[in-house]
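Participant: what's the 3D shape of this:
(chains A and B)
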2 protein chains.
Amino acid sequence: MELKLKMWLVGGDEDSIGGGAFGDGRYHLLREIGRQGSLRKAAERLGISYRKAWGDVRSAERHLGFELITRHRGGRGGGTSVLTERAKELLEAYSKTKAGLEKMAQKQYEKRLKPLLP
Amino acid sequence: MELKLKMWLVGGDEDSIGGGAFGDGRYHLLREIGRQGSLRKAAERLGISYRKAWGDVRSAERHLGFELITRHRGGRGGGTSVLTERAKELLEAYSKTKAGLEKMAQKQYEKRLKPLLP
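Facilitator: Numbers count the residues shown, from 1 in each chain, chains lettered A, B, ... in the order given. Next up, the predicted model:
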C-alpha cells in the first residue's frame, strides 16, 4: 500500500465553488504554458480545450490576486503566452511544498502505518 | 488563502477503482462506530445508509487485509459493533499522520507560498 496526498490552495478574492484556487491541475497547466510558450499548445498537450485552459488561468489569477501569464497576440503561430515572474515563483514554491509533504508522508507511512499492515 | 490537504491509503489485495482503501470518509465512519458501539447508529449520525456504511467497512477490510470491526448480533438494540484493536491502532496512526502533515503544510504555506500572495 501507499499513502497518497493531494494539496491545493483555497480562498482568495473570489468565492470558490467545487474547487480550489490552485491545485495540481492548474500547476501542470501553467508549467506546460511555460514550456510551450503558448496557451493553445499547452492545452493541446494536456488534452483540454483552449477555452477551459484560458478559463482556468483566469480563475486562478482572480483567486490569487495577481497575473500569471502575459499574452502577446498575433504573429504567424497565433501569439505567445509567457509566465510572469510571480507565476514562476509560485510554481517553484508549490512544487517544493508538494515534494516536501510527499517526502514526509512517505516517512510517516513507513513509521506509523506500514507496521500495522499485514 | 490556505493550503488544504487530502490523504488516503491506496493499494492492497483488491483492485481499487475510483477511490482508495482508506481515507477521511472511512476514518470518520470507524471513529463513529467506535463511539456509538453500533454500525447502524454510526451510519445514522453520518447521514449515510446502513448498506453503504457496511460496504465501506468491508471494502476497507479487504484492502487493508485485516478486520476492523467485530459484530455481535442480536439483543434489544439490534446488536453491537466493536472496533478491533488493530482498527484502533490504525485510527490513531492515521490521525497522527494527518495532523503532522497538516502542521507541516501550514508551515510550508507560511514560509513559501504566503510571501508570494498579495
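Participant: could you point out the longest helix of chain A?
Facilitator: Looking across chain A with DSSP state H, the single longest helix is helix A:85-108.
Participant: that one: which residues count as buried?
Facilitator: A:87, A:90, A:91, A:93, A:94, A:97, A:98, A:100, A:101, A:104, A:105, A:108 (16 or more other Cβ atoms under 10 Å in any protein chain shown). Bear in mind the C-beta positions are built from the backbone N, C-alpha and C, glycine included.
Participant: wait, which of those is closest to residue A:114?
Facilitator: residue A:108 (9.6 Å; Cβ to Cβ).
Participant: tell me which helix or strand the most centrally placed residue in chain A sits in.
Facilitator: In chain A, the centroid-proximal residue (Cα atoms, centre = their mean) is residue A:27; its distance is 1.2 Å. Using DSSP states H and E, residue A:27 maps to helix A:24-36.
Participant: using PDB, write down the CA coordinates of that helix.
Facilitator: Output of helix A:24-36 as PDB, limited to C-alpha atoms (Å, rounded to 0.1, in the frame of the first residue of the first chain):
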ATOM      1  CA  ASP A  24      -2.200  20.100  -9.400                       C
ATOM      2  CA  GLY A  25      -4.300  20.600 -12.500                       C
ATOM      3  CA  ARG A  26      -3.500  24.300 -12.700                       C
ATOM      4  CA  TYR A  27       0.100  23.700 -11.700                       C
ATOM      5  CA  HIS A  28       0.600  21.400 -14.600                       C
ATOM      6  CA  LEU A  29      -1.200  23.700 -17.000                       C
ATOM      7  CA  LEU A  30       1.000  26.700 -16.100                       C
ATOM      8  CA  ARG A  31       4.100  24.600 -16.200                       C
ATOM      9  CA  GLU A  32       3.100  23.500 -19.700                       C
ATOM     10  CA  ILE A  33       2.400  27.100 -20.800                       C
ATOM     11  CA  GLY A  34       5.900  27.900 -19.500                       C
ATOM     12  CA  ARG A  35       7.400  25.100 -21.600                       C
ATOM     13  CA  GLN A  36       5.400  25.700 -24.700                       C
END
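Participant: just the angle for it relative to helix A:85-108, thanks.
Facilitator: Relative orientation of helix A:24-36 and helix A:85-108, computed by axes from the mean of the first three to the mean of the last three Cα atoms, to 10 degrees: 130 degrees.
Participant: where are the low-confidence patches of chain A?
Facilitator: For chain A, the stretches with pLDDT under 70 are A:12-20, A:75-78.
Participant: residue A:100: what's it in contact with?
Facilitator: B:104, B:108 (Cβ atoms under 8 Å, 6 or more residues apart in numbering or on different chains).
Participant: out of the buried residues of helix A:85-108, which one sits closest to residue A:47?
Facilitator: Taking these together and measuring to residue A:47 by Cβ to Cβ, the closest member is residue A:91, at 20.4 Å.
Participant: that closest one: what's it in contact with?
Facilitator: Counted by Cβ under 8 Å, 6+ apart, residue A:91 has contacts A:27, A:30, A:31, A:34, A:83.
Participant: most surrounded residue in those residues?
Facilitator: residue A:30 (25 neighbours; other Cβ atoms under 10 Å in any protein chain shown).
Participant: how much space between it and residue B:6?
Facilitator: 21 Å (Cβ to Cβ, to the nearest Å).
Participant: ok, so of the contacts of residue A:91, who is nearest chain B?
Facilitator: Nearest to chain B among these: residue A:27, at 12.0 Å, using Cβ to the nearest Cβ.
Participant: so that closest one sits against residue A:95, correct?
Facilitator: Yes. When contacts are counted by Cβ atoms under 8 Å, residue A:27 is listed as touching residue A:95 (7.3 Å).
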